[in-house]
Every structure is written in C-alpha cells, then in structure tokens.
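A.B. asks: Sequence plus the predicted model coming up.
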Amino acid sequence: TQSLTDALDLKIVGAYREGEGRQFIDFDELNVNLFQVPAQYSDDQTSGEVQLTYTSDLVKGVAGVYYFTGQATGAFDASLGSLGLTSLTKGSVDTDSIAVYFDTTWSLTDRLNLNVGARWNEDDKEATVFVAQYAGVLAPNATLFDERNVPAGFTLVAVQSNYTNDRSFSNVSPRLGMDFKLNDDLMLYFSYAEGFKSGGFNDALGDANGIAFDPETLWNYEAGVKATLFERRVVLNTALYYMKWDNIQLSQDNPLTAVYDPIILNGGAAHSQGVEVELTARPIPALEIAANLSVQQAEYDDGVLPTGEPLRKLPFAPDYTGMVSADYRIPLEGLGELSLFGEYQLRGRTYLTNNNDPDGRVGSYGLLNLRASFESAGGRWRVSVWGKNLTDETYKQRLFDLSDQDLVGQKFIILGEPRTYGVELKVSY
C-alpha cells in the first residue's frame, strides 16, 4: 500500500495458492465393496489486484483491476462391486478471469448518501473431460483415477466422453443505493445490485456443447433500518429483501449415467423474498447477548428437471433460521479470562433435493451448543470444553436419490452430527 496524495492511496495485492485432497464415500458402510466412490482433487491459482482508493468531503470511492488464472482437476470412481462395474470420471478446467470495477459513495448532504458502483467481468474457460465404464471391481483402498493406469483385470466397456472445449462469458453488474440518517443513531437505506455467476462445463456424458451450462444472473433489492439504542448498548438492524434469478444453476444427478453423477444444469427463473432482524445487546460490560431471525420464501418460477418434474421450492432454503446466544466474560486478576458461551440455533422446514422429494424433507429443529474457555494472560494459550447438539437432535443434511437407477435402486440419506463434546487446547507462538 502506498499513499500517492492526501486523498489517493494505491494498493497492489498478489496471491498464489495450491491444494490437493482425497475423499472416500462408502455408501454401503460395509467391509465389502457394494457401492464406493473414491475421489481426488487438486487446484492451483494465481491472482493479482491493483486498487485505487479516493477520499474527499464529497466522495469516497475505490476502483481497481483484478486478474485470476487457475486450474482445477479432479477424478472420481463409482465402483459397484455387486455388479462388477466401475465408472471413471475425470476432468480439468482452466480459467482466466479479468474484472474492472468501481464503487463510490457521494455525500449529497450531511445526512443523505448516494452509492454507485459497477463491475465488468470476463471469464475464459477451457475444459477437458473423460468418462468411461470398466468391467472390474476395485480392491479395498484401490483407485482408478487415470485411464492410462488401469488396475489388472479391468476391461474397458465404453468411452462415453472424451473431449476438450472452451467458452467465454462476460457481464456488467451495476450497484445503486441510498442511505439517509434520521439522526446519529438511526439510518434508513435502500440498495439494488446485480450479480453474475459464469457458466462452464460438466464432467459428464454428452458432446462438448450438450453438457455445458449457461451463466446465472441475480437481481437483489434490499431496504432496511440500522439503529443504535440505549446509549449504543443495543444494536438493532432490520431488512426486507427480494432476489430474482435468471438461468439459476442447480446440481442434479445425470439421468444418462447408470451411477451417481451430479452435473450443473440451468433451472430457469427463481425468486426469494423475506425479512431479517439482528439484535446485539450489552446490558453490562461483561455480557453480550445476540439474536437474529430470518424468514423467507424461496421458489422456482419456471423450469423442469431432466425427468420432466416441475421445479417448485428451492432446496437448502429453510422457511426460517434463527439464533440466540450469550457470551459472558469474567476477568481473573493476574491469571487471564474465563468465558462462558452458549447458543441455540433454529432452522425451519427445508428440502434437500430439487424435486422436493418427501424423503428429503427436513422438519424444523434446533441445536444447542455450549463452550467454556479459559485464556491465559497475554493470550498465549487457551483451553476450552465444548459440546455441540447437546440435545442429540436427529436431522437430515443430504439426500442422494439413486432409486431410479437400475444398478443401485436406493436412496442414501446423510444425517447431521449427533451430540459431540470435547476438550480443545490452542497455543500461539
């Protein structure tokens, strides 16, 4: 960061990141291979940003240029030991992205501000995909991640995809808003913003054009009130919002494959509307109480799944979410600080699948979490005793519906974590 003038600052940021990982999903949870999915992933990315910040009595603003380049690769096997078949899906996506943006706040009066901004973005993507079916069963801890290194005894049945293709996506997303201070403790605001998520390719069956998906566009409207009360011991924020999607992207199992093979599809239009309330209070210096509540309606406006089923309610969009928490801190002279924290999380009815499968309907539930911590003077170390989901609530988190596939014919449900507790020690060097 460098100050160019009293009003203008320059910031240059660069970053490089790489990572890799493995995953193993054992659907049968037995000591034999009936249905197992090992997978591996790796990625690397480089980014750079040049940013200018300007501050004056009339306007505050930021403008910049952002560049990103990266590659993501992955492979997974769907091994059906009961039928002697293994499917290999592997692919990579190279992405080059550039964006130019600005965001400004104009002081029209001492109480009224105008917010104006925009972002131009262009993404170039190139994908390579290989999908094939083999006759053979993977041994325990064995994998088939490379078609050039097939385990002994495996026989190629069919190559279903083997291609390379590229696409480009560009968009301009504006932002507009106003805020008005009724007094030093009360502010009204309104904002309008557009969002954009570029399209891409699936590691799936089909030709180079047939398995691509299009960009998703979002329009977001929000109005609200921000207030500080009782000599700033209480902060209360409320907001009303409406969001509308076009070509919304959704993840769905590919009906063309005989094994579980999720792909991204465009589902048409959708909307979400609701109200949010957040409250933070500090009745005494040692105690902070917080609460929030969000009530929403999230539905598709049109679109159908590959099976012909109409899209109705958005998945993973509960009717409401809420939280109540308290954090009490007790200074211990010469020793450190003892903190006691508790929270209760609420979550309303939701669905886990795009077709709103009744087996994937999750009823309302709540989770109780508690934590007691002691931190040494100076913050060198901290020890905590914690418990999560202390009421041992049973709730669903994911549903994999493979009941329409002849090779599997089942639904798999993943439950949330049961009651857990433990001791944690953190040391800072």
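C.D. replies: Perfect, thanks for sending it. Predicted, not measured: the structure shown is a model, and the values here were computed from it.
A.B. asks: rest of the way, CA atoms for contacts and neighbours
C.D. replies: Noted.
A.B. asks: and D43, what are its phi and psi?
C.D. replies: When quoted as degrees, to the nearest 10, the phi and psi of D43 stand at phi -160, psi 160.
A.B. asks: so where's the longest strand in the protein?
C.D. replies: strand 155-183 (DSSP state E).
A.B. asks: From Q51, how far off is the residue lying closest to R175 once chain neighbours are set aside?
C.D. replies: The shortest distance from R175 to any non-neighbouring residue, by C-alpha to C-alpha, 6 or more residues apart in numbering, is to A193 (4.3 Å). The spacing between A193 and Q51, counted by C-alpha to C-alpha, to the nearest Å, is 21 Å.
A.B. asks: how about the strands of the stretch 301-429 of the chain, start to end?
C.D. replies: Remark: strands assigned in the stretch 301-429 of the chain by DSSP state E, counting those that start in this stretch are 320-332, 336-347, 350-351, 361-362, 365-376, 381-388, 396-401, 411-415, 420-427.
A.B. asks: In the stretch 201-350 of the chain, where is pLDDT below threshold?
C.D. replies: Applying pLDDT under 70 to the stretch 201-350 of the chain flags residues 203-211, 254-261.
A.B. asks: D110 is in contact with L58, correct?
C.D. replies: No. Counting by C-alpha atoms under 8 Å, L58 does not reach D110; the two are 9.9 Å apart.
A.B. asks: These two: which is more packed in?
C.D. replies: A direct count of neighbours by other C-alpha atoms under 10 Å for L58 and D110 places L58 higher, at 12 against 9.
A.B. asks: what's the more buried one in contact with, if anything?
C.D. replies: Applying C-alpha atoms under 8 Å, 6 or more residues apart in numbering to L58 gives the contacts 106-108.
A.B. asks: again, only this time at 10 Å
C.D. replies: 105-110, 113 (C-alpha atoms under 10 Å, 6 or more residues apart in numbering).
A.B. asks: Equivalent analysis for E276, please.
C.D. replies: 224, 237-241, 292-296, 320-322.
A.B. asks: Give me the helices and strands touching the host helix or strand of V116, please.
C.D. replies: Per DSSP states H and E, V116 falls inside strand 112-135. The contact analysis (3 or more C-alpha pairs under 10 Å, 6 or more residues apart in numbering; DSSP states H and E) places strand 112-135 against strand 59-80, strand 85-107, strand 155-183, strand 186-197, strand 200-201.
A.B. asks: where does the stretch 1-150 of the chain dip in pLDDT?
C.D. replies: 27-33.
A.B. asks: and the residue lying closest to L340 once chain neighbours are set aside, what does it touch?
C.D. replies: Nearest-residue entry for L340: A372, 4.6 Å, with adjacent residues in sequence omitted and distances by C-alpha to C-alpha, 6+ apart. Applying C-alpha under 10 Å, 6+ apart to A372 gives the contacts 327-329, 338-342, 383-387, 423.
A.B. asks: What residues are recorded as beta-bridge partners of A372?
C.D. replies: L340, V385 (DSSP bridges).
A.B. asks: separation between it and A290?
C.D. replies: 17 Å.
A.B. asks: Output the helix or strand harbouring Y54 as PDB, restricted to C-alpha atoms.
C.D. replies: Counting by DSSP H and E, the element that carries Y54 is strand 36-55. In PDB, the C-alpha atoms belonging to strand 36-55 read as follows (Å, rounded to 0.1, in the frame of the first residue of the first chain):
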ATOM      1  CA  GLN A  36     -18.000 -46.900  -3.100                       C
ATOM      2  CA  VAL A  37     -16.900 -43.600  -4.600                       C
ATOM      3  CA  PRO A  38     -13.200 -42.600  -4.000                       C
ATOM      4  CA  ALA A  39     -12.200 -39.200  -5.400                       C
ATOM      5  CA  GLN A  40      -9.200 -36.900  -5.700                       C
ATOM      6  CA  TYR A  41      -9.000 -33.200  -6.400                       C
ATOM      7  CA  SER A  42      -6.200 -30.600  -6.900                       C
ATOM      8  CA  ASP A  43      -6.100 -27.000  -7.900                       C
ATOM      9  CA  ASP A  44      -3.700 -24.100  -8.300                       C
ATOM     10  CA  GLN A  45      -4.500 -20.400  -8.800                       C
ATOM     11  CA  THR A  46      -2.700 -17.100  -9.100                       C
ATOM     12  CA  SER A  47      -4.400 -13.700  -8.700                       C
ATOM     13  CA  GLY A  48      -3.400 -10.100  -8.700                       C
ATOM     14  CA  GLU A  49      -5.200  -6.900  -8.000                       C
ATOM     15  CA  VAL A  50      -4.400  -3.100  -8.400                       C
ATOM     16  CA  GLN A  51      -6.700  -0.900  -6.400                       C
ATOM     17  CA  LEU A  52      -7.000   2.900  -6.000                       C
ATOM     18  CA  THR A  53      -8.900   4.500  -3.000                       C
ATOM     19  CA  TYR A  54     -10.000   8.100  -3.100                       C
ATOM     20  CA  THR A  55     -11.400  10.100  -0.100                       C
END
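A.B. asks: Give me the pLDDT for the residue nearest to L340.
C.D. replies: Per-residue confidence (pLDDT) for A372: 97.
A.B. asks: Could you check how far it is from V157?
C.D. replies: From A372 to V157 the distance is 58 Å (C-alpha to C-alpha).
A.B. asks: go on, P306?
C.D. replies: Taken as C-alpha to C-alpha, the span from P306 to V157 is 26 Å.
A.B. asks: what do you get for L8?
C.D. replies: Distance from L8 to V157, by C-alpha to C-alpha: 64 Å.
A.B. asks: ok, now Q252?
C.D. replies: Relative to V157, Q252 is positioned 25 Å away (C-alpha to C-alpha).
A.B. asks: Those two: which is more packed in?
C.D. replies: Q252 (19 against 14).
A.B. asks: Would you agree that one is in contact with L311?
C.D. replies: No. Look at Q252 against L311 with C-alpha atoms under 10 Å: they stay out of range, at 11.9 Å.
A.B. asks: which residues do the two both contact?
C.D. replies: Common neighbours of Q252 and L311 (C-alpha under 10 Å, 6+ apart) are 305, 354-355.
A.B. asks: Tabulate those residues (JSON lines), appending neighbour count and distance to S272.
C.D. replies: Listed next are those as JSON lines, based on neighbours: other C-alpha atoms under 10 Å; distance: C-alpha to C-alpha, whole Å:
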{"residue": "L305", "neighbour count": "17", "distance to S272": "20"}
{"residue": "N354", "neighbour count": "22", "distance to S272": "15"}
{"residue": "N355", "neighbour count": "19", "distance to S272": "17"}
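A.B. asks: Just give me the residue right at the centre of this protein.
C.D. replies: Geometric centre of the chain, nearest residue: F316, 11.1 Å, by C-alpha atoms, centre = their mean.
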